[in-house]
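S.K.: Test case, fold it:
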Amino acid sequence: MVRLWGGEYGRRELLRRVGRLEQVAGVRLVTLGDGAGRGVRALEFRTGSGLSFDVLVDRAFDIGRCEFGGRSLCWLSGVGTSGPWFYEPEGLGFFRTFGGGMLTTCGLDHTLFMAEDTAEQYHYPPKRTERYGLHGRVSNLPARLVGYGERWEGEGCVLWAEGEVLQAAVFGERLLLRRRVEARVGESRITVRDEVENAGFDPTPHMYLYHVNVGFPVVDEGAELLAPAVSVTPRGDYPAEGYGRFHAPEEGYVERVFEHELAAEEGGTVPVAVVNRRLGLGVYQLYDRNQFPHHFVWRMLGEGTYVVGIEPSTNRTAGRLDARRRGELIRLRAGERRAYGMELGVLEGESEIERFARRVASSKARRARREGEAR
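M.R.: So this is what the prediction gives:
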């Protein structure tokens, strides 16, 4: 059944009341027509619950604008949406086209800060090493749009889109990202399912990170992080205490990044959320700890750049070379595939926020019980 505006409707009963499904929900392909975003294709999703969001086809099928009931859930940077053709791959050039949005994908062969690493796996003598810019290339690559639309499954309806993003070079990597985004009519959650394949013939390094950017009005003075943290490690010279409470924008603020070990539920799911109890509004994230063994919080509470990032990652904040030294740098064999996924959703009202807070606390308590039994 589809739940809309206090009522429940089966397929026939809903379609009797509308000329087209898009009267209440749907997916629409549009092309941006001005500024740096001119020519970028986007898929506009509306679920009918008040949730609407854009899948940016020409930016790795990432999620840009995301709103619930007219209120933004994400942070949009001062850069705005720009075409991938403006990408500057060297050093910190990533920031020139980092538009924010609900989801920015980082990878496919590199994430985190810059590094220079061996390229011997590609057997090309003039290319002994490879230089990697911040967070890799994938978010600045256009997708091939495989398909999109609405599909009825019994009495429920799924909005969906699929795309493929190829990151490739002659004498270099050939990695293929297949992404499917789904949302159900009448619901306030988004499902992202990814598969990364080494479509080449050389063993290829692989790193992957979901940069989820929560913004105002969810992020505001008094907002908080809900996460089943069993330990917290700052990435710089600042305290870990209070890392999960947020304040108003601060002049001259310098970003703070925290890596925390999070307890998982039975089956490996990890629940994380940023909530604003005053507004009765939050954004939650569910991911698989088996796919993403690490998780970061990016606190950037400055003026204009006012955002909290909740970021599942295949690797630690120390980055590529540290991962290589630890033996943790993934190398995909020719033809090897890895699956990833995440659910993003809305917490509306005090009861939903409290229910999720109990879920987080239960995950942490479960971890404590297991450690106690192990002793």
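S.K.: Identify each buried residue in stretch 258-265, please.
M.R.: 258-260, 262-265 (16 or more other C-beta atoms under 10 Å). (Each C-beta comes from the backbone N, C-alpha and C, glycine too.)
S.K.: Could you save those residues as TSV and add columns showing pLDDT?
M.R.: Formatted as TSV, the buried residues of stretch 258-265 follow (pLDDT from 0 to 100):
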residue	pLDDT
Phe258	98
Glu259	98
His260	98
Leu262	98
Ala263	97
Ala264	97
Glu265	97
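S.K.: Take those residues and write them to TSV, including secondary structure and distance to Arg355.
M.R.: Output for the buried residues of stretch 258-265, formatted as TSV (DSSP: H, G, I helix; E, B strand; the rest coil; distance: C-beta to C-beta, whole Å):
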residue	secondary structure	distance to Arg355
Phe258	strand	25
Glu259	strand	27
His260	strand	22
Leu262	strand	19
Ala263	coil	18
Ala264	coil	18
Glu265	coil	14
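S.K.: want to try JSON lines for those residues, with distance to Pro312 as columns?
M.R.: Formatted as JSON lines, the buried residues of stretch 258-265 follow (distance: C-beta to C-beta, whole Å):
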{"residue": "Phe258", "distance to Pro312": "14"}
{"residue": "Glu259", "distance to Pro312": "12"}
{"residue": "His260", "distance to Pro312": "12"}
{"residue": "Leu262", "distance to Pro312": "9"}
{"residue": "Ala263", "distance to Pro312": "14"}
{"residue": "Ala264", "distance to Pro312": "12"}
{"residue": "Glu265", "distance to Pro312": "14"}
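S.K.: Just give me the closest of the residues you listed to Arg151.
M.R.: For the buried residues of stretch 258-265, the residue nearest Arg151 by C-beta to C-beta is Glu265; the value is 29.1 Å.
S.K.: Quick one: list the elements packing against the longest helix along the chain.
M.R.: As assigned by DSSP state H, the longest helix anywhere in the chain is helix 349-374. Applying 3 or more C-beta pairs under 8 Å, 6 or more residues apart in numbering; DSSP states H and E, one finds that helix 349-374 contacts strand 224-226, strand 229-234, strand 269-276, strand 281-288.
S.K.: again, 7 Å this time
M.R.: Other elements packing on helix 349-374 under the criterion 3 or more C-beta pairs under 7 Å, 6 or more residues apart in numbering; DSSP states H and E are strand 224-226, strand 269-276.
S.K.: Look at the nearest residue to Gly136 once chain neighbours are set aside and tell me its secondary structure.
M.R.: Distance criterion C-beta to C-beta, 6 or more residues apart in numbering; nearest residue to Gly136, sequence neighbours excluded, is His110 at 4.1 Å. Recorded secondary structure, His110: coil (DSSP: H, G, I helix; E, B strand; the rest coil).
S.K.: from memory His110 sits against Leu134, does it?
M.R.: No - under the criterion of C-beta atoms under 7 Å, His110 makes no contact with Leu134, lying 8.9 Å away.
S.K.: So for these two, which residue has more residues nearby?
M.R.: Shown here are His110 and Leu134; by other C-beta atoms under 10 Å, His110 has more neighbours (28 against 19).
S.K.: Next one: the more buried one relative to Pro249, how far apart?
M.R.: Note on His110: its distance to Pro249, by C-beta to C-beta, to the nearest Å, is 31 Å.
S.K.: that older thread, what angle do the longest helix of the chain and strand 281-288 make?
M.R.: If you take axes from the mean of the first three to the mean of the last three C-alpha atoms, to 10 degrees, helix 349-374 sits at 30 degrees to strand 281-288.
S.K.: quick one: pLDDT of Gly372?
M.R.: For Gly372, the pLDDT comes out at 75.
S.K.: For burial, what's the neighbour tally of it?
M.R.: Gly372 has 8 neighbours, counted by other C-beta under 10 Å.
S.K.: how close does it sit to Leu14?
M.R.: 50 Å.
S.K.: same deal with Arg369?
M.R.: Applying C-beta to C-beta, the value for Arg369 to Leu14 is 45 Å.
S.K.: wouldn't Val18 be in contact with Gly26 here?
M.R.: No - Val18 lies out of contact with Gly26 (C-beta under 7 Å); the separation is 10.5 Å.
S.K.: ok, these two, which is more surrounded?
M.R.: Each of Val18 and Gly26 has its neighbours counted (other C-beta under 10 Å); Gly26 has more, 19 against 12.
S.K.: Would you check that that one makes contact with Glu150?
M.R.: Yes - between Gly26 and Glu150 there is a contact under C-beta under 7 Å: 6.0 Å.
S.K.: tell me, what's touching these two both at once?
M.R.: Leu159 (C-beta atoms under 7 Å, 6 or more residues apart in numbering).
S.K.: This protein: helices as residue ranges?
M.R.: All helices of the chain, identified by DSSP H, fall at 11-15, 320-326, 349-374.
S.K.: Gly78 is nearest to which of the ones you listed?
M.R.: Between Gly78 and the helices of the chain, the tightest spacing by C-beta to C-beta is seen for helix 320-326, at 28.3 Å.
S.K.: Show me what the mean pLDDT comes to for that closest one.
M.R.: Mean pLDDT, helix 320-326: 98.
S.K.: repeat for stretch 53-71
M.R.: If you average the pLDDT over stretch 53-71, you get 98.
S.K.: tell me which residues in it are buried?
M.R.: Residues of stretch 53-71 classed as buried under the neighbour-count rule (16+ other C-beta under 10 Å) are 53-68.
S.K.: Just the CA trace of it, in PDB.
M.R.: These are the backbone C-alpha positions of stretch 53-71, laid out as PDB (Å, rounded to 0.1, in the frame of the first residue of the first chain):
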ATOM      1  CA  PHE A  53      15.900  15.200  -4.300                       C
ATOM      2  CA  ASP A  54      18.100  15.400  -7.400                       C
ATOM      3  CA  VAL A  55      20.300  12.700  -8.800                       C
ATOM      4  CA  LEU A  56      23.000  14.400 -10.800                       C
ATOM      5  CA  VAL A  57      23.500  12.200 -13.800                       C
ATOM      6  CA  ASP A  58      26.600  14.000 -15.000                       C
ATOM      7  CA  ARG A  59      28.200  14.000 -11.600                       C
ATOM      8  CA  ALA A  60      28.600  10.300 -10.800                       C
ATOM      9  CA  PHE A  61      24.900   9.800 -10.100                       C
ATOM     10  CA  ASP A  62      25.500  11.700  -6.800                       C
ATOM     11  CA  ILE A  63      22.600  13.300  -4.900                       C
ATOM     12  CA  GLY A  64      22.500  17.000  -5.000                       C
ATOM     13  CA  ARG A  65      19.600  19.100  -3.700                       C
ATOM     14  CA  CYS A  66      17.600  17.200  -1.100                       C
ATOM     15  CA  GLU A  67      14.500  18.600   0.800                       C
ATOM     16  CA  PHE A  68      11.700  17.500   3.000                       C
ATOM     17  CA  GLY A  69       8.500  19.600   3.200                       C
ATOM     18  CA  GLY A  70      10.400  22.500   1.600                       C
ATOM     19  CA  ARG A  71      13.200  22.400   4.200                       C
END
